[in-house]
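Asker: generate coordinates for the sequence data below:
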Amino acid sequence: MMDDRRHALVETIWDYDHLDHQLAHANSILVHKPHLERLSDATFRKVWPEQQVRVTCPRVSLDSYLSDCSHDTLSPDDVIGIMVADLQRIRLYSGKGFQVHQDVPDDVWARVRGTCHDKYLL
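Answerer: This is a model prediction of the structure:
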């Protein structure tokens, strides 16, 4: 199945929860944006813990990604803000029951806090 509607990742995966019987013997591949691989994996594993899943994304440099995603109304700085918010969701969503827990190394959090403006942090 492919869903190109503009939903939050969590909504999209939870919307397909009714497909449990169709996924009983299926392996799944999730293709998403580079910074959403871990969030995709954690959300999928929460909804379908018994399923095997592989998560992948296009392999691009940060500069290319920022260039490809930014436009007149979305600056590279805005894209970085979105990426930081999605990283924070890895920590926040497991506590809300939306996904399985994933550890994010302390040095990653330290870099985020050390390099990002307060406007990015939730």
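
Asker: any idea how far residue 52 is from the residue nearest to residue 35 when sequence neighbours are not counted?
Answerer: Sequence neighbours aside, residue 83 is the residue nearest to residue 35 in space, at 4.5 Å (criterion: C-beta to C-beta, 6 or more residues apart in numbering). Heads up, the C-betas are built off the backbone N, CA and C, glycines and all. Taking C-beta to C-beta, to the nearest Å as the measure, residue 83 falls 27 Å from residue 52.

Asker: ok, for residue 49, nearest residue in space, not its chain neighbours?
Answerer: Distances taken as C-beta to C-beta, 6+ apart place residue 100 nearest to residue 49, at 7.5 Å, with adjacent residues excluded.

Asker: report how many residues lie close to the one you found.
Answerer: Counted with other C-beta atoms under 10 Å, the neighbours of residue 100 add up to 15.

Asker: and the pLDDT at it?
Answerer: On the pLDDT scale, residue 100 is placed at 93.

Asker: isn't it right next to residue 94, touching?
Answerer: Yes. When contacts are counted by C-beta atoms under 8 Å, residue 100 is listed as touching residue 94 (6.3 Å).

Asker: need the residues touching each of the two.
Answerer: In terms of C-beta atoms under 8 Å, 6 or more residues apart in numbering, residue 100 and residue 94 are both contacted by the residues residue 42.

Asker: still on that earlier bit, let me know the average pLDDT across the helix or strand the residue nearest to residue 35 falls within.
Answerer: Using DSSP states H and E, residue 83 maps to helix 76-95. Mean pLDDT, helix 76-95: 87.

Asker: now for that helix, which elements pack on it?
Answerer: helix 37-47, helix 62-69, helix 106-115 (3 or more C-beta pairs under 8 Å, 6 or more residues apart in numbering; DSSP states H and E).

Asker: put the alpha carbons of the shortest one into PDB.
Answerer: Once side chains and other backbone atoms are set aside, the C-alpha atoms of helix 62-69 remain, and they are given as PDB (Å, rounded to 0.1, in the frame of the first residue of the first chain):
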ATOM      1  CA  LEU A  62      22.300  17.200   4.400                       C
ATOM      2  CA  ASP A  63      23.100  20.000   2.000                       C
ATOM      3  CA  SER A  64      21.200  18.300  -0.800                       C
ATOM      4  CA  TYR A  65      18.300  17.500   1.500                       C
ATOM      5  CA  LEU A  66      18.000  21.100   2.600                       C
ATOM      6  CA  SER A  67      18.200  22.300  -0.900                       C
ATOM      7  CA  ASP A  68      15.600  19.900  -2.200                       C
ATOM      8  CA  CYS A  69      13.100  20.600   0.600                       C
END
